[in-house]
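**Q** Okay, sequence plus prediction incoming.
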Amino acid sequence: MLDFSKHNIPKHTQEALTGYIEKGVPVNTFLNAVLANDLQGAISSADYQNLATLKDIVNWIHLYAPEACHGNEALYRRWVHEHPSRAKGPLEVV
């Protein structure tokens, strides 16, 4: 479980970040922009709660999110499409 206790991040954003990091679930336009390091896109698509806490969201991602899942659009897309939880293991013979 991811720890958001030291940061003021809206509950719906915590849930979206958790799904994205743990399972590769795509996020909304705002978080996509934040994760892709697109400040203009993040500000223009943020709801009032996320806009008010943008600094905390960015700091949390910088401190706790895996480096491979944020920084630019290519990293975001790779995380969604090639997330380890989607890996198929060898077939088990019964």
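**A** All right, it came through fine.

**Q** Give the full set of residues in contact with residue 68.
**A** For residue 68, the contacting residues are 75, 78, 79, by CB atoms under 8 Å, 6 or more residues apart in numbering. Using the backbone N, CA and C atoms, a C-beta is placed for each residue, glycine as well.

**Q** actually residue 81, sorry about that
**A** Taking CB under 8 Å, 6+ apart, one finds residue 24 in contact with residue 81.

**Q** Please report how far the residue nearest in space to the middle of the chain lies from residue 59.
**A** The centroid of the chain falls nearest to residue 17 when counting by CA atoms, centre = their mean (4.1 Å). Per CB to CB, to the nearest Å, residue 17 is found 13 Å from residue 59.

**Q** Look through the protein and tell me its longest helix.
**A** helix 11-23 (DSSP state H).

**Q** residues of stretch 66-79 that come out buried?
**A** 69, 70, 75, 76, 79 (16 or more other CB atoms under 10 Å).

**Q** Next step: the residues you listed restricted to helices.
**A** 75, 76, 79.

**Q** Show the contacting residues for the last one.
**A** Meaning residue 79. 20, 24, 68, 69, 70.

**Q** Check which element follows the longest helix of the chain along the chain.
**A** As assigned by DSSP states H and E, the chain's next helix or strand after helix 11-23 is helix 29-35.

**Q** Would you mind pulling the contact partners of that following helix?
**A** By CB under 8 Å, 6+ apart, the residues outside helix 29-35 that reach it are 13, 16-17, 20, 26-27, 39-42, 45-47, 50, 54, 57-58, 61, 65, 69-71, 75-76.

**Q** Buried subset of these as a PyMOL selection?
**A** Selecting only the buried entries of those in PyMOL, with 16+ other CB under 10 Å as the criterion:
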select buried, resi 13+16+17+20+27+41+42+45+46+50+54+57+58+61+65+69+70+75+76
